[in-house]
Every structure is written in C-alpha cells, then in structure tokens.
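Visitor: Everything below, folded, please.
(one chain, ligands or ions: 1)
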Amino acid sequence: MKLIQITSLAIVIALTFVSGVFSQETRLGDLIIQHTSIRPTPPRAPVSGGYMTIKNTGPTSDWLIGGSVSFAKKVEVHEMKMDGDIMKMRRLPDGLEIPAGGEVTLKSGGLHIMFMKLKEQMKIGDKHMVKLMFKNSGEVEIEFDVKKPMAH
Ligand SMILES: [Cu+2]
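Guide: Residues are numbered from 1 along each chain as shown. Okay, the predicted model is just below:
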C-alpha cells in the first residue's frame, strides 16, 4: 500500500515536472526560449513589456533584433540604463546578444521587449502570440501569457 502511494506520488511529481518544463519551452535552432510573459496594463495604456529567458546552446552568438505582434504597432528590444540619477530605457540598435553557450533573461526592471502603441489592453490570463526575430536563427512565433512580472 505504501509503495503504491509513493509510486503515484512519483508519477504526479514527474507529470508536474514535464508540464512545467516542456510545455513552455520553444526551440529555434540552437536557441531555447522559456518563461515568456507580458506585463498586464490598465485600459488604453500605450505600451507594455515582454519578458523571457533565452538560452543559446550553439557555438556562435545570436542576436534578438525585434519582433511583431497583432496587438501593438511595433516591437522593440530595450535595455534599462542609468543616465545620471535617472533610470532610462533605450532601444538596442544592434539587438540583444545571446552569447554562445550563454543565457539572457529579459525581466521587469531590466532588459525587455517593448510593445509600442498597444491596440488593446493586456489582461491577466490572456495569451498572445509574439513573433520574435533573431539575426541568425530567423523567426519564431511563441505564445506569451499576460501575468504579473515575477521577481527573478
Ligand atoms: Cu522599453
């Protein structure tokens, strides 16, 4: 009886692991993209941010250079930088480097993709398709969940 309980617990843990890891992972060539999310907005907000983790398992760098979505006019790759005492964000003109064998996290308060001129409100629980463009690996369309940004 005890063995059966332990076995079923192990299966539950295994299934949780599988759904938690694999369902949210997208591969594009040597890149693995995970933990995609969009920041929720109040009604009529002009912009929102997108976050994710990008791993590069390959031998050469790649660059996230932009993207496109149906719910906003433009997608840009941004970084946050101190300008004197003020934190400012700016577009990365050459894109965001994902170094060979490295991992880059886009998160609230740091690197992000910016959805400019939103056409609709980003509501918690909604899902949106985001097309990402990489310099070497090309394009991929991924589902992003609208949810409160996590502290990594
Ligand atoms: Cu921005």
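
Visitor: Next, count neighbours for Leu132.
Guide: Counted by other Cβ atoms under 10 Å, the residues lying close to Leu132 total 28. In short, each C-beta sits where N, CA and C put it, glycine included.

Visitor: For the closest residue to it other than its chain neighbours, list the residues it contacts.
Guide: Spatially, and ignoring its direct neighbours in sequence, Leu132 is nearest to Gly67 (4.6 Å; Cβ to Cβ, 6 or more residues apart in numbering). Going by Cβ atoms under 8 Å, 6 or more residues apart in numbering, Gly67 touches 75, 113, 130-133.

Visitor: One more pass at 6 Å, please.
Guide: Gly67 makes contact with 75, 130-133, according to Cβ atoms under 6 Å, 6 or more residues apart in numbering.

Visitor: With Trp63 instead?
Guide: Shown in contact with Trp63 (Cβ under 6 Å, 6+ apart): 95, 97, 135.

Visitor: again, only this time at 10 Å
Guide: With contact set as Cβ atoms under 10 Å, 6 or more residues apart in numbering, Trp63 has these partners: 77, 92, 94-98, 133-137.

Visitor: Kindly report the same for Met133.
Guide: Contacts here follow Cβ under 10 Å, 6+ apart; on that basis Met133 touches 63-68, 75, 77, 95, 139-140.
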